[in-house]
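Novice: Pasting the sequence and the predicted coordinates here, then a few questions.
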Amino acid sequence: MFNAPQISQIGDPVLRRKAAEVDPRDIGSAEIQLLIEAMIATMRAAGVGLAAPQIGTSLQVIVMEDAPEFSAKIPQAERLEKEREPFDLKVLINPVVREIGTETRDFFEGCLSIKGYTAMVRRQREVAVSYLDQNGAPQSWQPRGWAARIAQHEYDHLQGVLFTDRMFARSFMSDEEYRKRYAGKPIGAVKEALGLM
Ligand code: ZN
C-alpha cells in the first residue's frame, strides 16, 4: 500500500518559497525518481495536479493528469464551458510557462493545499510550457482551457504563489457553500450573485 505523504497546507512556508531547479544530471537519480513516483500516487488519490512543494520538497517538479474517467463525471455543458479535455500524465521538471495570446477565463478552482475552500481565479486561456520530462528530455506543450489552468496553477506553486494571491477576493468560499449554491451554474450567473459584474 502506498503511504500518501502529508499535503502541506497554506501557512506552511514551503508553499511560499521559490522552488529550486532540478540539476538535469540528477533526473535519473533514485531521489528524483522516487519523488516523482510519490507525487503521481499522491495526485491520483486526490486531484489533477501536484507540485513538489505541496509534499514538502522545494524543487521544480509538477505532475498533472486529467483522466477520461475523471472528466466523464462532469456534465457536458460544464465540460464545454471550461474546455475540459482529458490529457495523459505529464511530469514537468524545471518548467517555464509563457502566455499565448491575450484571452483569459474566469473559473473556480481549488487547491489540495487550501483544503475545503475554493475561489474564482482569472487565468490565461492558452499557454506554452517548456520543460524536461522524467527522462530529462526537453519537451514543449501548448495546453488550452482547463489543462492550461492547471499548468498555470501548478507553475505558480513553484514560484511560491497560491490561488488566494490571484483570486477575486469576493468569490472566496467553502467547497460546501460552492456545491450547495453554485456548482454547475454558468460563470456569469455566479459572478452576478457575488457582485462581480
Ligand atoms: Zn494547488
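Specialist: Now that the structure is in, tell me what you want to look at.

Novice: Which stretches in this protein count as helices?
Specialist: All helices of the chain, identified by DSSP state H, fall at 30-46, 68-71, 76-82, 146-158, 163-166, 175-181, 187-193.

Novice: Select from those the stretch with the lowest mean pLDDT.
Specialist: If you rank these by mean pLDDT, helix 68-71 sits at the bottom with a mean of 84.

Novice: Identify all contacting residues around it.
Specialist: Around helix 68-71, the neighbours that count as contacts under C-beta atoms under 8 Å, 6 or more residues apart in numbering are V48, R79, R84, E85, P86. Where you see a C-beta, it was placed from the backbone N, CA and C, and this is true even at glycine.

Novice: Make a PyMOL selection of the buried ones in those residues.
Specialist: Of the contacts of helix 68-71, the buried ones go into a single PyMOL selection, burial set by 16 or more other C-beta atoms under 10 Å:
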select buried, resi 48+79+84+86
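
Novice: Show the low-confidence segments of the protein, by residue range.
Specialist: By pLDDT under 70, the low-scoring segments of the chain are 1-2.

Novice: Where is the longest strand in it?
Specialist: As assigned by DSSP state E, the longest strand anywhere in the chain is strand 87-110.

Novice: Pick out the residue closest to the middle of this protein.
Specialist: By C-alpha atoms, centre = their mean, the mean C-alpha position of the chain lies nearest to I150, the distance being 3.6 Å.

Novice: Which residues are in contact with the closest residue to it other than its chain neighbours?
Specialist: Spatial nearest neighbour of I150, excluding adjacent residues (C-beta to C-beta, 6 or more residues apart in numbering): G49 at 4.5 Å. Residues near G49 by C-beta under 8 Å, 6+ apart: M43, I62, V63, M64, E65, I150, A151, H153, E154.

Novice: now G49: how far from A4?
Specialist: Using C-beta to C-beta, to the nearest Å, G49 is found at 15 Å from A4.
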